[in-house]
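# could you look at this predicted model? Sequence included:
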2 protein chains.
Amino acid sequence: MSADYQQISDSLVKIYSNILRIEESELRKSQFNNLTIQEMHAINAISMYEHKTASQVAKELHLTPGTLTSTIDRLVKKGYVERIRSKDDRRVVRLGLTKKGRVEYRAHAAFHEKLVKQFLQGFNGEEVGVILQALRNLEGFMDEYS
Amino acid sequence: MSADYQQISDSLVKIYSNILRIEESELRKSQFNNLTIQEMHAINAISMYEHKTASQVAKELHLTPGTLTSTIDRLVKKGYVERIRSKDDRRVVRLGLTKKGRVEYRAHAAFHEKLVKQFLQGFNGEEVGVILQALRNLEGFMDEYS
DNA sequence: TTTTTTTGTTTGGCATTCAAACAATTTGGT
DNA sequence: ACCAAATTGTTTGAATGCCAAACAAAAAAA
């Protein structure tokens, strides 16, 4: 195993075991300091305009329906999300962001954009292609184990 | 924002919001199916031979002392970890892996190695250098926000 | 020797998660 | 139209995961 190889391994471990913690600590310093990282991910999955159903969001987040219910309960109480009973099918709950939820969504997207900018800083188009391919390899690995 | 850029952003989000979940689901299928991902990370931080103190491990994992105490309690009960009271300084607790803990440690390292292999699959030395630099950029971003 | 600091544990409380039981509604089969 | 089955989401009960604050023991500093 080469030196580069070991460094990449260490780097990956460091990144994936710290990135969510760092996102959360940034959140704590912002105006949205009463949100946890999981709640923020839920807001992200609900997203701006689509009014997905609870099932769809639960599947996206790999959560059981019961877990999602409690997450949504909290987000409703905190004023980020609203439940909309579907009129076609009265079993279905559609989810939407409140104005406050949409503001948070955009703030988080901006943070991501800064992150990606720094990740790709200093590379030309060809190099960006290499990086993209490596990430796809990793996605492929993850898909195998899903 | 270019198409590549957007794809890299999506890929990064997918990776960092799923990789730990996938590690955990692999764990569930193995002989170590009574470990959670956090417990596994603790085993990893304790590591093979050093007998770190509880404080050192807590710092590494960004956990409060109280949280670490309860994690270690569980790992001791499950037979992966042992507490060793220091003789020099009787306040200090040093942590070590049992034989079972060391077996788990190696199994997890092997999983990581497969992951990194697939991540770097098909690239030459120069390209690996580009990938390493991108990861370092990301580490730099994380350090700014720590 | 007394005070302060360090190290780890305990306590209390909330968040996160799942599995299983449940209720409401819709769909499918007859 | 009616009954059985499937779907959708909620509730309940239990374990883990986390922190802050109070605490106890030991070591270091004064």
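Okay, I see it.

# how about the residues of chain A that lie near DNA strand C?
Within chain A, the positions near DNA strand C by CB under 7 Å from any atom of the strand are A:36-39, A:62-67, A:70-71, A:74, A:89-91. C-beta coordinates here come from the backbone N, C-alpha and C atoms, glycine included.

# any bit of the longest helix seen in chain A sitting next to chain B?
Counting by DSSP state H, the longest helix found in chain A is helix A:3-29. Yes. Using CB under 8 Å from any CB of the partner chain, helix A:3-29 reaches chain B at A:4-5, A:7-9, A:11-22, A:25-26.

# before we move on, the earlier item: which of the residues of chain A next to DNA strand C are buried, as a PyMOL select command?
To isolate the buried members of those in PyMOL, using 16 or more other CB atoms under 10 Å in any protein chain shown:
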select buried, chain A and resi 37+39+63+71+74
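
# returning to what we had before: in terms of secondary structure, what does the next helix or strand after the longest helix of chain A contact?
Counting by DSSP states H and E, the next helix or strand C-terminal to helix A:3-29 is helix A:37-46. Packing partners of helix A:37-46 (3 or more CB pairs under 8 Å, 6 or more residues apart in numbering or on different chains; DSSP states H and E): helix A:3-29, helix A:54-60, helix A:65-78, strand A:81-85, strand A:93-97, helix A:99-119.

# at 7 Å what do you get?
helix A:3-29, helix A:54-60, helix A:65-78, strand A:93-97, helix A:99-119 (3 or more CB pairs under 7 Å, 6 or more residues apart in numbering or on different chains; DSSP states H and E).

# filter the residues of helix A:3-29 next to chain B down to the buried ones.
A:5, A:8-9, A:11-13, A:15-20, A:22, A:26.

# with the residues you listed in mind, which one is nearest to residue B:129?
residue A:8 (10.1 Å; CB to CB).

# quick check: the closest one vs DNA strand C, distance?
According to CB to the nearest atom of the strand, to the nearest Å, residue A:8 and DNA strand C sit 28 Å apart.
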